[in-house]
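Asker: can you look at this prediction? I've put the sequence above it.
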Amino acid sequence: MNVLSLDFEIGGLMAAATLFSLTFCLVLAPLARLVGLMDQPSERKLHEKPVPLVGGLAVFFTFAISILLFTPFADQAWPLLAACGLMLVTGLVDDRVNLSPRVRFLLQIMACCIMIFAGRTELTDFGRLMWDGVLSLGWLSIPITIFAAVGVINAFNMVDGLDGLSPMIFMVACVAMGALALMSGHVFNAAVLVVAFGAVLGYFLLNARLPWNERARVFLGDSGSVFLGMFLAWQFIDLGNGADRAFQPMTAVWLLGIPLLDTTRLMHDRWRRGRSPFAADQFHLHHAFLKAGFSVRQTWLAITGLVLLTTAIGLAGQILGWAEYLMFYGFIAFGLVYWGVMRHCWRGGHFFGRTMMTAIKF
């Protein structure tokens, strides 16, 4: 499959993946009710009724079947499918029995090792991050690759807390990376990104607050969020590394800027409060909007706008050839502003001029 033929087949791949994913979600949802694979309401969760946790299964089945049957990349894709499959199973078990953070991390590291040793995908440098020379990683390549990938996995997992939010963030990243992959001739990456986009779109149609959905009808569950986080980590590292890279490492940081910033802020704040960095709470960015009285749709639109902004900056910097150190220091500045706004929000009890409420209106 060359770039021209891929261009011709993009529509078909995406449409087939979307249809399969939508069908899998609708078929698996009643089965989830029978076997008890449901996300139950609780004090820290926003939904009021049990919701089937089948989104991750539907998206993974769609992704695997589409890659194996409708693209010529079955042999090349098996390490990616293996790593994502391990994360899917990890999440399914976690959804049922609540695995300890230590076990989850161990399994995430195992998935990263599949990426590194079977998929031959690892970070070897950070590009021209702070000066004109390339910042090579040398013997630190493998541990830093694992650290970065685990960070992306958990950042995406933590952002999955509002109807339609995590699939939208995922699809925006897929479109951006897919465009850069096509422009640079990375046909395999472009193909899997197209299929992943379609698979998540089918789920999005049942998860987002759209005219036919008063509430989300299915959830990803931990199985879906960690699997999709693994997929994103793999693509960011694969496309952002090597002599023929599709984009610079800092471009990847901008593409996933909001989840990364919110996750690091949350973990830091939890640690300062003496809690586990992985303990669940209601101090995410979307909680701030909801406690300030914004509706779910308004919150979704606002955060989607922020994600599109950081993505646009990343794409502009890559396409226009902005210096990598400017992208780096620009992100640091953006992050400091973000942290300052959120710190003021939770300490002062005000967000965008509105008083924060104790309970969330959902």
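Answerer: Looks like it arrived, so ask away.
Asker: any weak-confidence spans in the stretch 151-300 of the chain?
Answerer: For the stretch 151-300 of the chain, applying pLDDT under 70 flags no range at all.
Asker: repeat for the stretch 1-150 of the chain
Answerer: Ranges of the stretch 1-150 of the chain meeting pLDDT under 70: 1-8, 42-48, 131-132.
Asker: now the helices for it?
Answerer: 3-35, 55-70, 74-97, 101-113, 141-159 (DSSP state H, counting those that start in this stretch).
Asker: between these, which one is closest to residue 201.
Answerer: The closest of those to residue 201 is helix 3-35. By C-beta to C-beta, the value is 4.8 Å. The way it works is simple: take the backbone N, C-alpha and C, and place the C-beta from them, glycine included.
Asker: off-centre distance for stretch 307-321?
Answerer: Centroid separation for stretch 307-321 versus its chain: 18 Å, with C-alpha atoms, centre = their mean, to the nearest Å.
Asker: any chance of the helices of the stretch 1-150 of the chain in a markdown table, with mean neighbour count and distance to residue 315 too?
Answerer: A markdown table is the format used below for the helices of the stretch 1-150 of the chain (neighbours: other C-beta atoms under 10 Å; distance: least, C-beta to C-beta, whole Å):
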| stretch | mean neighbour count | distance to residue 315 |
| --- | --- | --- |
| helix 3-35 | 16 | 19 |
| helix 55-70 | 23 | 24 |
| helix 74-97 | 19 | 24 |
| helix 101-113 | 17 | 27 |
| helix 141-159 | 21 | 18 |
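Asker: tabulate these (JSON lines), appending distance to residue 185.
Answerer: JSON lines is the format used below for the helices of the stretch 1-150 of the chain (distance: least, C-beta to C-beta, whole Å):
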{"stretch": "helix 3-35", "distance to residue 185": "6"}
{"stretch": "helix 55-70", "distance to residue 185": "19"}
{"stretch": "helix 74-97", "distance to residue 185": "15"}
{"stretch": "helix 101-113", "distance to residue 185": "26"}
{"stretch": "helix 141-159", "distance to residue 185": "23"}
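Asker: between those, which gets nearest to residue 241?
Answerer: helix 141-159 (8.9 Å).
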